[in-house]
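Student: Build me a model from this:
(2 chains)
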Amino acid sequence: MDFPLFHLDFLGNRLLIALIATLHVVISHSLAVGGMALVAMMERKGLRDSSWDQIAKKTLFVFFVVTTTVGAMTGVGIWFSASLVNPTAIASLIRVFFWAWFVEWLVFVTEVVMILYYYLTWDKWTGDRKRAHVQLGFNLALFSWITMVIIVAILAFMMDPGSWHQSKNLLSGFLNPIYLPQLAFRTPLAMVMAGGAAYWVLCFVKVDDELRSKATAFIGKWILGWLPFLLLGSWIYYQVIPEAMKAHMGVAITTQEYISWYKSTLYTIFGAVGSVAVIALSAITFKKLPKLVMILPFIFLIGLMGMFERSREFIRKPFAIGGYLYANGIRKDDYPLLQKEGILAHAPYVSIREITPENTITAGRELFTLTCTRCHTVTGVNSVTDRFKVMYGAEKWEPQKISDYIAVMHQARTFMPPFPGNEKERFALATYITSLQNNPEKLEGVQSHGLEFNAKDESKVPASVQEVNQ
Amino acid sequence: MKTPIPHDIPLPLPAAEGFLKILLVVSFIAHILFVNLMVGGSLFTLYYQWKAKQKKLYDDLAQFIAQTITVNKSMAVVLGVAPLLLINVLYTVWFYSSNALTGIAWILVIPLVAIAFLLTYLHKYTWEKWRNQRTLHMSIMGVAVLIFLFIPLIFLANVNLMLFPDRWSEAKGFFSTLLIGNVFPRYFHFLAASIAVTALFLVWMLKTKWTASYKTLLDQRVTLAREFYKIALGISLAQFFFGPLLLFTLPKVGLSGSLYLAIGCGVFFAAFAMHLMAKEIKTLTDTQFAQRILPISILMTLTVLFMASGRHLYRENALASHKEAVRQKTEAYQAKVKEAQLAASEIEALAGGGNRGQKLFQSCAGCHAKDTRLVGPPLTEIAKIYEGNPAGIVAWAKAPGKKRADYPQMPPMTLPDEDLKAIAEYMLGSH
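Tutor: Just a heads-up that it's a prediction; the model follows:
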């Protein structure tokens, strides 16, 4: 509420973050955390059988180029998009986790230097130094894993801040109950995904047949070796997701219309893991895979991970930081005040402070921007217009009915936060929404139409400050 | 002041403010050094590749410089994370506001830079393969250079806009923000610095073992180093135009004596460095190769340190009054928040009695009314179905089925069993 609000009415703000973050997580898990370990393993095999060196280097080349371009930039992109989509959430997280992120950064700098060094010295550290080079590869893998160890703490914290509410310090964030289970899940996932990614490389590079079949079988073994840990990790993880969050799982994995498909989705997960296992097994037995089959494990695993990330994001709703900050960017503590005096009375960037019959729709639009746009659009993805169409069909919408619904929407749909304004504002919002039934007009964010504010506010600056400012 | 005052987030800074500010200035210098080398390197690569038509030596030189870009760009990105984190934590209100106001451009940084990076790799690894398609090969770097030239403008627009909250209301999209403050003088100052820094970096590279495998370059290193020194010196001279231009176009709000002092110190060290560069151009030989490059680099680093500190002082001055206003407003707001919380908990305590079922029914009231159809069927209809069977309502509410064709599906209600039971009794009892 305190920041000018960026809004993408077509894509939706959540989807913007989701796209960037998913891409980053796929790359960092599979190509960095798992990938470096796999490459180092292959390079180690090269100590005895030098033909391995060729495939190891080619795999590293692809992993290296992708991680240092798209991987690195999407990592930064998570910050950029979070600052646009939910500035209050990311700002609060940074204040609490600053030192964790700072340490993460130091490890990350080390990781980048090491990966540059590892790649650029591949052909230089030969003979006696080759062994040291292999060691460098394993150290690099370890550092990549440590970056994950830190970032998972932050992710786990967002889902369940544990005792942080009381003590508000860093350590309590790390000690929260979801931390280790998430790590137990993500580590083997990264390893298995690295195998899937290595199969892609194997599809597209030129190597002789003998090496290709050796590599096919080896990657198959790598995948198969890690799969049981992946299943175990997901089971542990599922056990500890707090009960309240678990209740949303059906909605999280698909959308609400498909709650009943929840079970079959679960079967799909097992299906994906099962088929990866079968492919890996045939790779080991036949030492050969058709290209079309070779690219499948990575796709299945990306799907699995995407589903997992989506449910992780989803199950912490209605909160951005469990129990502290709602996903609409408003702190839980602020609710009593805002629900009494109104959010329009306290948000800085609104043009309307007093709702009148003439300005009701404009006020409603501003309220929509403040309270719904972090998750809904007007005309695009997860549009509020569609949501109400599903509820009311062709029937004529009525402000009073919609207002009554908004009053209880957080109980009807527990993934939505309660409406943070007062009754008059709720009705204004409902009036605006009603106006959308027949002409759903695209809603613009501050990045295109600029700031809106009330002319009266100009004089609200404390006098002492105005003096300083002249 | 023309824009309203927002509230800050009510969480303490993770460390002493002064300490974080020093970290910001220092980590920013490390970041900007590699950004300079990345931008300057791509300009040099393109320039020498273009000149390679006349002289084969320049092709080797361009290829050599291209090798450095891909390393420097990785360092530039990773070293940028710390100052980003610090500016986020220190200037939350101001930085995020300018991010939002330039939103589209801000988020475009991500895909654009990723593309530019991929292009630099493509360019680097197709050097031999596309030797005969010079235009194609050069245009790859050309596109990367265009991107590298555009991106700094986005960053500058942001760090500039955040300094002038009273002008935020003028921002209507990224391009309009370029006209607030003095973005362009800053931009040219930055570009010139990139070229000068890269030229000195290349002299240094000619001195190290990195050039060992480029024999043609080594043979000509005196000529080349002289050329680089001349570029560095010429551009540094040009900074005596861009620098004052930047300083005199700065909006008055942040100007102060200490700012002039910091800039003055920076200029002093720069002048000294330029003196040494001039000497080098005269005395450079293969046996006494680039002996002053170390003192020159140290002096230039000091220059950058003072300039960056000056920039920081300006930022602090420019924001001082707005910051104070935000602090006061946040304090007042938090006091109100506490008050309202207290009042709310008292009301809740008072209302402890009353009809539990009726109150809890609010969870369902959005969709069920007494005798009209809302989203779901009216209570009169439900009461008929579940007469004397409240447990049936509880079971349904926990896991609703899909019954009526012309209704949407009801979502499962996540309330404790005893609450649902109270609701069910209320639903049945009220008719």
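Student: Once you drop chain neighbours, what's closest to the residue in the stretch 351-470 of chain A that chain B sits nearest to?
Tutor: In the stretch 351-470 of chain A, the residue that lies nearest chain B is A:Gln447 (3.0 Å; Cβ to the nearest Cβ). C-betas here are computed from N, CA, C, even on glycine. Nearest non-adjacent residue to A:Gln447, counting by Cβ to Cβ, 6 or more residues apart in numbering or on different chains: B:Gly103, 3.0 Å away.
Student: Check A:Val192 too.
Tutor: Distances taken as Cβ to Cβ, 6+ apart put A:Trp226 closest to A:Val192, at 4.8 Å, once the chain neighbours are dropped.
Student: got the contact list for the one you found?
Tutor: A:188, A:191-192, A:195 (Cβ atoms under 8 Å, 6 or more residues apart in numbering or on different chains).
Student: which of those tops the neighbour count?
Tutor: A:Val192 (30 neighbours; other Cβ atoms under 10 Å in any protein chain shown).
Student: Tell me which helix or strand that residue sits in.
Tutor: A:Val192 is part of helix A:179-204 when elements are defined by DSSP states H and E.
Student: What residues sit buried inside that helix?
Tutor: A:179-203 (16 or more other Cβ atoms under 10 Å in any protein chain shown).
Student: try stretch A:267-283
Tutor: For stretch A:267-283, burial by neighbour count (16+ other Cβ under 10 Å) applies to A:268-269, A:272-273, A:276-277, A:279-280, A:283.
Student: give me the residue from chain B nearest chain A.
Tutor: Counting by Cβ to the nearest Cβ, chain B gets nearest chain A through B:Gly103, at 3.0 Å.
Student: The helix or strand where B:Leu206 lies near chain A at all?
Tutor: Of the helices and strands defined by DSSP H and E, B:Leu206 is found in helix B:183-207. No. Helix B:183-207 stays clear of chain A (Cβ under 8 Å from any Cβ of the partner chain), getting no nearer than 14.7 Å.
Student: Which neighbouring elements make contact with that helix?
Tutor: Judged by 3 or more Cβ pairs under 8 Å, 6 or more residues apart in numbering or on different chains; DSSP states H and E, helix B:183-207 is in contact with helix B:17-51, helix B:56-90, helix B:134-161, helix B:221-249, helix B:293-350.
Student: Which is the succeeding secondary structure element to it?
Tutor: Next in line after helix B:183-207, if elements are assigned by DSSP H and E, sits helix B:215-219.
Student: could you dump that following helix to CSV, C-alpha only?
Tutor: Presented in CSV, the C-alpha positions along helix B:215-219 are these (Å, rounded to 0.1, in the frame of the first residue of the first chain):
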residue,chain,number,x,y,z
LYS,B,215,52.1,-13.5,-30.3
THR,B,216,51.2,-10.8,-32.8
LEU,B,217,49.9,-8.6,-29.9
LEU,B,218,53.0,-9.1,-27.9
ASP,B,219,55.2,-8.1,-30.8
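Student: For the stretch 301-450 of chain A, just list every one of the helices.
Tutor: A:335-341, A:360-371, A:384-392, A:399-412, A:423-436, A:446-449 (DSSP state H, counting those that start in this stretch).
Student: Let me have these in TSV, extended by mean pLDDT and mean neighbour count.
Tutor: Shown next, in TSV, are the helices of the stretch 301-450 of chain A (pLDDT from 0 to 100; neighbours: other Cβ atoms under 10 Å in any protein chain shown):
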stretch	mean pLDDT	mean neighbour count
helix A:335-341	92	20
helix A:360-371	94	23
helix A:384-392	86	18
helix A:399-412	85	20
helix A:423-436	93	22
helix A:446-449	88	19
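Student: which stretches of chain B have low pLDDT?
Tutor: Along chain B, the model assigns pLDDT under 70 to residues B:1, B:348-354, B:430-431.
Student: Residue numbers of the stretch 201-350 of chain B in contact with chain A?
Tutor: Counting by Cβ under 8 Å from any Cβ, the stretch 201-350 of chain B sits next to chain A at B:253, B:320-322, B:324-325, B:328, B:333, B:336-337, B:339-341, B:343-344.
Student: Where does the nearest residue to B:Arg356 once chain neighbours are set aside sit: helix, strand or coil?
Tutor: Distance criterion Cβ to Cβ, 6+ apart; nearest residue to B:Arg356, sequence neighbours excluded, is B:Ala422 at 4.9 Å. Per DSSP: H, G, I helix; E, B strand; the rest coil, the secondary structure class of B:Ala422 is helix.
Student: I'd guessed B:Ala422 sits against B:Gln362; true?
Tutor: No. Using Cβ atoms under 8 Å, B:Ala422 is not in contact with B:Gln362; the gap is 11.9 Å.
Student: B:Lys359: what secondary structure?
Tutor: Relying on three-state DSSP, one would call B:Lys359 helix.
Student: Share the number of residues neighbouring it, please.
Tutor: 14.
Student: Ok, A:Ala100 next?
Tutor: Using other Cβ under 10 Å, the number of residues around A:Ala100 comes to 21.
Student: before we move on, the earlier item: any idea how far the residue of chain B closest to chain A lies from A:Leu443?
Tutor: 14 Å (Cβ to Cβ, to the nearest Å).
Student: Out of all residues in chain B, which is the farthest from the middle?
Tutor: Here the centre of chain B is the reference, and by Cα atoms, centre = their mean the most remote residue is B:Gly388, at 62.9 Å.
Student: check contacts around it.
Tutor: With Cβ under 8 Å, 6+ apart, B:Gly388 has these contacts: B:Leu428.
Student: my read: A:Val408 touches B:Gly366, true?
Tutor: Yes. Here A:Val408 reaches B:Gly366: they are 3.8 Å apart, a contact under Cβ under 8 Å.
Student: the strands in chain A, which residues?
Tutor: Remark: strands assigned in chain A by DSSP state E are A:319-321, A:325-326.
Student: nearest to B:Val203, of those?
Tutor: strand A:319-321 (50.5 Å; Cβ to Cβ).
Student: So what's the model's average confidence on the closest one?
Tutor: For strand A:319-321, the mean per-residue pLDDT is 78.
Student: next one: stretch A:105-122
Tutor: Averaging pLDDT along stretch A:105-122 gives 90.
Student: what distance separates it from the centre of its chain?
Tutor: 25 Å (Cα atoms, centre = their mean, to the nearest Å).
Student: that older thread, which one, of the helices and strands packed on helix B:183-207, ends up nearest to B:Trp210?
Tutor: helix B:56-90 (8.4 Å).
Student: which other residues reach the helix or strand just after that closest one?
Tutor: For helix B:56-90, the following helix or strand on the C-terminal side (DSSP H and E) is helix B:92-101. For helix B:92-101, contacts defined as Cβ under 8 Å, 6+ apart pick out A:2-6, A:80, A:83-84, A:87, A:91, A:94, A:445-447, A:450-451, B:6, B:8-9, B:87-88, B:106, B:157-159, B:161-163, B:165, B:168, B:171, B:177, B:319, B:322, B:326.
Student: which parts of helix B:92-101 are buried?
Tutor: By neighbour count on 16+ other Cβ under 10 Å, the buried set for helix B:92-101 is B:92-101.
Student: picking up where we left off before, from A:Phe185, how far out is the residue nearest to A:Val192?
Tutor: Taking Cβ to Cβ, one finds A:Trp226 at 12 Å from A:Phe185.
Student: same check, this time on B:Ala193
Tutor: Noted for B:Ala193: a distance of 47 Å to A:Phe185, by Cβ to Cβ.
Student: now B:Gly40
Tutor: Counting by Cβ to Cβ, the separation of B:Gly40 from A:Phe185 is 44 Å.
Student: for A:Gly71, same thing?
Tutor: Counting by Cβ to Cβ - A:Gly71 and A:Phe185 are separated by 21 Å.
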